[in-house]
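Novice: sharing a model prediction with you, sequence too.
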Amino acid sequence: MDFRSGLPWSLICAVSAFAGLASAAEVDAPTGKRLLPVDASALLKTFASYVGIKESPMGSNNGVMVNKFNASCGLRPSDHAPWCASVAHYGYMVNGAPDRPGAYSPSWYAKTRVIPTAMVQPGDVGLIYFPSKGRYAHTIAAIERVNRAGRIVSSYVTLEGNTSQMTGSREGDQFCRRVRPADTVKIVRWTK
């Protein structure tokens, strides 16, 4: 006798779907957490929709959306916290993966997630290392496009927050689309 015969079909489907989701989730080596999969194209659409968001008042690390980004990581507007990493976290969260690193840029780096330049894809996360701080101190929410000179990756079109269009500061005041030289960015993959 089939044990499922007494169970409602909707329960069987729900359990099967959950089992499939659990098997599709990946275990993150540094944290040991199961990570939910993310559709990179949906993630890119989310980040592209943020282009033009600005702090209010400028230079405050606050604003309607900036406060939402930071709140997703447990930060309050009164914290006036940098938001380059929290916008990345928020983008993953609204795309069904609230289990990604939070508001601290170095937490997005993991050796097991580093992608060689030749394998970078749209949707990968970029990090910029600042020798003066001795750590990764700026998170690029997503690589939007990989630019090549022949077979060599020359630069990336990025989607990133807490930057500026002109100076590219890590302490900027808006979410921008930027072009960054490939040799200045470390790429990590968090979509899978």
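Specialist: Sure thing, it's come through. Numbers count the residues shown, from 1 in each chain.
Novice: and the nearest residue to Asp28 once chain neighbours are set aside, how close does it get to Ala110?
Specialist: Closest residue to Asp28 apart from its sequence neighbours, by C-beta to C-beta, 6 or more residues apart in numbering: Leu35 at 5.2 Å. For every residue, glycine as well, the C-beta is placed using N, CA and C. According to C-beta to C-beta, to the nearest Å, Leu35 stands 11 Å off from Ala110.
Novice: what residues are shared contacts of the two?
Specialist: By C-beta atoms under 8 Å, 6 or more residues apart in numbering, Leu35 and Ala110 have these common neighbours: Asp28.
Novice: hang on, Lys45 is in a helix, isn't it?
Specialist: Yes - counting by DSSP: H, G, I helix; E, B strand; the rest coil, Lys45 is located in a helix.
Novice: neighbours of it, just the number please.
Specialist: 12 (other C-beta atoms under 10 Å).
Novice: per-residue pLDDT, it?
Specialist: At Lys45, the model reports a pLDDT of 98.
Novice: quick check: it vs Ile128, distance?
Specialist: 24 Å.
Novice: same check, this time on Thr139
Specialist: Applying C-beta to C-beta to Thr139 and Ile128 gives a distance of 8 Å.
Novice: who's more crowded, the two?
Specialist: A direct count of neighbours by other C-beta under 10 Å for Thr139 and Ile128 places Thr139 higher, at 30 against 20.
Novice: phi, psi of Ile128?
Specialist: phi -120, psi 130 (degrees, to the nearest 10).
Novice: ok, the closest residue to it other than its chain neighbours - contacts?
Specialist: Nearest residue to Ile128, sequence neighbours excluded (C-beta to C-beta, 6+ apart): His138, at 4.2 Å. By C-beta under 8 Å, 6+ apart, the contact set of His138 is Cys84, Ser105, Leu127, Ile128, Phe130, Glu160, Asn162, Thr163, Arg170.
Novice: in JSON lines: the residues you listed, plus pLDDT, secondary structure and distance to Met119.
Specialist: Shown next, in JSON lines, are the contacts of His138 (pLDDT from 0 to 100; DSSP: H, G, I helix; E, B strand; the rest coil; distance: C-beta to C-beta, whole Å):
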{"residue": "Cys84", "pLDDT": "97", "secondary structure": "helix", "distance to Met119": "24"}
{"residue": "Ser105", "pLDDT": "97", "secondary structure": "helix", "distance to Met119": "22"}
{"residue": "Leu127", "pLDDT": "98", "secondary structure": "strand", "distance to Met119": "16"}
{"residue": "Ile128", "pLDDT": "96", "secondary structure": "strand", "distance to Met119": "19"}
{"residue": "Phe130", "pLDDT": "93", "secondary structure": "strand", "distance to Met119": "25"}
{"residue": "Glu160", "pLDDT": "97", "secondary structure": "strand", "distance to Met119": "21"}
{"residue": "Asn162", "pLDDT": "96", "secondary structure": "strand", "distance to Met119": "27"}
{"residue": "Thr163", "pLDDT": "95", "secondary structure": "strand", "distance to Met119": "25"}
{"residue": "Arg170", "pLDDT": "68", "secondary structure": "coil", "distance to Met119": "25"}
